[in-house]
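> Predicted model, plus sequence, below.
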Amino acid sequence: MANTGLQVMGLVLGVAGWAFGILVCATPWWRVSAFVGDELVVSQVLWEGLWMTCLSQWGRLQCKVYDSGLALTGSTQTCRALCVLSLLLCFFALPLCVVGLKCTRCLGDAHESKARLVRAGAILFLLAAFFFLLPVCWTAYVVIRDFYDPNVAAPLKRELGPSLYLGWGVTVLMLVGGAVSYLGSTSPGVPAMPVFGRRGKVNPPPTTTESKPEKVFV
């Protein structure tokens with residue numbers, strides 16, 4: 001039978017991952033300018049994200065949205081698409097998990113149908129975590145690769161922004177939420193022993209042997 005506590009806990013974790021995922025996707029804190037070499041100007045900090053760049057100077061922050069999405073690199077466009085796909089999967093998983101909760105009355109007493117809806121929503125949360133993890137890990141890899149590349153000029157080097165660390169936390173929330181929701185909607189009952197032989201014949205009927213009357217010799 002489904003566990004209401006696990007279902008609610010998984011739903012809360014999944015919604016939290018979805019909300020923080022929207023924040024990570026929208027913020028420009030994916031990459032930050034690195035001060036390496038003999039660079040003297042440290043009052044300007046450049047932040048770069050998927051949708052905009054921000055320049056912080058003397059406590060003032062100025063942000064600008066990218067003029068053209070097609071002018072961006074293929075890596076940035078792919079990261080955009082994967083993040084949006086992940087958030088859409090969470091959006092579709094949310095109503096499935098809410099309707100399929102054991103404590104709701106949306107489908108009456110159809111417990112098995114409700115459990116299937118929760119399992120479908122849990123799988124969507126797991127897929128969302130996978131698709132959100134890809135752009136975060138790829139961006140971190142590119143930043144680290146360019147930082148240690150001697151052919152990249154010092155002003156073009158970047159460091160890992162706080163959005164990447166928050167993105168890894170978002171994937172954990174989605175993964176745990178999906179796993180807990182799936183476990184909370186599974187039935188623990190399992191048949192003790194498998195049945196072999198003809199269908200519907202569990203135990204063979206007892207064989208009776210006719211007892212012949214014994215001959216009595218006088």
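Sure thing, it's come through. Please read all numbers here as calculations on a predicted model, not as lab measurements.
> Now the spatially most central residue of the chain: closest residue in space, sequence neighbours ignored.
In the chain, the C-alpha nearest the mean C-alpha coordinate belongs to Ala129, at 2.1 Å (C-alpha atoms, centre = their mean). Spatially, and ignoring its direct neighbours in sequence, Ala129 is nearest to Met174 (3.5 Å; C-beta to C-beta, 6 or more residues apart in numbering). C-beta: built from backbone N, CA, C; applies to glycine.
> In a strand, that neighbour, correct?
No. Read with DSSP: H, G, I helix; E, B strand; the rest coil, Met174 is helix and lies in no strand.
> and the gap between it and Gln77?
Distance of Met174 to Gln77, computed by C-beta to C-beta, to the nearest Å: 23 Å.
> Verify the contact between Cys90 and Gly14 for me.
Yes. Between Cys90 and Gly14 there is a contact at 6.7 Å, judged by C-beta atoms under 8 Å.
> Name the residues contacting each of these two.
Both Cys90 and Gly14 are in contact with Phe125, Met174, where contact means C-beta atoms under 8 Å, 6 or more residues apart in numbering.
> how far out from the middle of the chain is the longest helix anywhere in the chain?
In the chain, assigned by DSSP state H, the helix with the most residues is helix 111-147. On the basis of C-alpha atoms, centre = their mean, to the nearest Å, the separation between the geometric centre of helix 111-147 and that of its chain is 3 Å.
> Buried residues in it, which are they?
Across helix 111-147, burial judged by 16 or more other C-beta atoms under 10 Å covers 114-115, 117-136, 139-140, 142-143.
> Then stretch 4-21?
6-11, 13-18, 20-21.
> got it, and stretch 162-170?
Ser163, Leu164, Leu166, Gly167, Val170.
> And for Ser75, the neighbour number?
Neighbour count for Ser75, taken as other C-beta atoms under 10 Å: 13.
> Check the one 10 residues further on too.
Neighbour count for Leu85, taken as other C-beta under 10 Å: 16.
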